[in-house]
Structures are given as C-alpha cells and as structure tokens.
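1. From the sequence below, what's the structure:
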Amino acid sequence: MPAKKTPRASRVETAQLVLPGLTNTHGTIFGGILMQWIDIAGGIASARHSGGAVVTASMDRLHFLSPVQLGEIVILQAQVNFAGTTSMEVGVRVFAENEVTFKRRQTTRAYLTFVAVDGQGRPRPVPPLVLDTAEDRRRFKDAQRRRAVRLRERRAMTKA
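-> Have a look, this model is predicted:
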C-alpha cells in the first residue's frame with residue numbers, strides 16, 4: 001500500500017490569461033475551455049496524490065458562478081478531498097483576477113473523480129489521506145456523501 005499523504009500535498013495552483021481566441025461573442029471565456037483547465041488542474045492534484053497516471057472518471061457539481069471576462073487572469077486551485085481504494089475526489093475552485101487591480105472573485109467550482117491507473121490502464125491503489133485538520137475532515141466527510149450519490153447514479157445508469 002502506498003504511503004499516506006495529506007490533502008495539502010496534492011494542492012495545485014495554476015494561472016491562465018484569457019486571450020481573445022478563448023472567448024465567445026459576449027467577451028467571456030468558453031465554458032468548455034474552463035472545463036478543460038479544471039480537468040487539467042484536477043488531474044495534476046490527483047497524480048500528485050497517487051504518485052502516477054490517472055484518468056478522469058467524472059466531473060460533477062460544476063457551477064459557473066460568474067462569467068470570466070477577456071483579459072482576466074484565471075486562477076485554478078485543486079486538491080484531493082477524498083481517497084478511496086483506487087479513486088480520488090478532487091475539488092477545484094476557479095477565481096478571476098483583474099489584470100489591473102488584482103482583485104479576485106470566485107467564478108466556478110467543481111468536483112471531479114479520478115482513478116489511478118497502471119501501465120496497462122488498470123486501476124491501481126492510491127494512498128489513504130491523512131486528515132490533520134478540521135477542514136480536511138469536513139471536506140473528506142462531504143466528499144464521502146457526494147461519492148455515495150455518484151455511485152448510486154452510476155449503478156442506475158448501468159442498469160438502463
């Protein structure tokens with residue numbers, strides 16, 4: 001079994017600039033571009049935790065809270081909230097930062113599930129999470145509840 005790791009060890013923060021080719025006719029970023037950046041940040045966090053390759057299993061509770069404008073700086077923060085046997089839930093928060101004032105506002109949030117895979121693409125074990133803080137424990141419990149819902153939904157989809 002891999003060594004235990006804290007959620008903090010998986011944390012990722014990355015920044016992107018919203019350029020004209022990334023925006024729609026309203027001057028705001030395409031949702032799909034933002035989803036891609038969220039997936040990448042989440043993938044890096046889960047790979048850090050698992051110590052290797054991961055694949056995206058799901059993205060849920062994706063909420064666009066406010067639009068991201070052309071010229072703004074997008075800050076993505078991701079961290080593992082829950083680790084199971086082979087899967088992990090990663091929470092991603094997205095902020096838009098004004099390029100002049102550097103004021104930040106949260107624009108998006110999402111939860112993604114990643115599965116660690118070996119060289120043949122088969123699931124492999126991931127380290128358990130060490131929950132040092134009250135915040136870590138809260139996030140873990142919240143993630144357990146979301147996981148139960150996702151598993152019920154998945155079972156229902158595979159029956160159809």
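2. other SSEs contacting the helix or strand where residue 149 lies?
-> Residue 149 belongs to helix 134-159 when elements are defined using DSSP states H and E. Other elements packing on helix 134-159 under the criterion 3 or more CB pairs under 8 Å, 6 or more residues apart in numbering; DSSP states H and E are strand 54-64, strand 73-83, strand 87-97, strand 104-116. For the C-beta atoms, the positions are set from N, CA and C on the backbone; glycine is no exception.
3. Make a markdown table from the ones you listed and add mean neighbour count, distance to residue 140 and mean pLDDT to it.
-> Formatted as a markdown table, those follow (neighbours: other CB atoms under 10 Å; distance: least, CB to CB, whole Å; pLDDT from 0 to 100):
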| stretch | mean neighbour count | distance to residue 140 | mean pLDDT |
| --- | --- | --- | --- |
| strand 54-64 | 15 | 16 | 95 |
| strand 73-83 | 23 | 6 | 98 |
| strand 87-97 | 23 | 9 | 98 |
| strand 104-116 | 21 | 13 | 98 |
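4. how about CSV for those strands, with distance to residue 7 added?
-> As requested, the helices and strands packed on helix 134-159 are exported to CSV (distance: least, CB to CB, whole Å):
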stretch, distance to residue 7
strand 54-64, 16
strand 73-83, 5
strand 87-97, 9
strand 104-116, 14
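5. For residue 5, find the nearest of those strands.
-> strand 73-83 (8.0 Å; CB to CB).
6. Note down every partner strand of the closest one and its orientation.
-> strand 12-17 (antiparallel), strand 87-97 (antiparallel) (DSSP bridges).
7. next SSE after the first one?
-> Beyond strand 12-17 in the direction of the C-terminus, DSSP H and E gives the next helix or strand as helix 31-50.
8. Right, I'll call it a day here.
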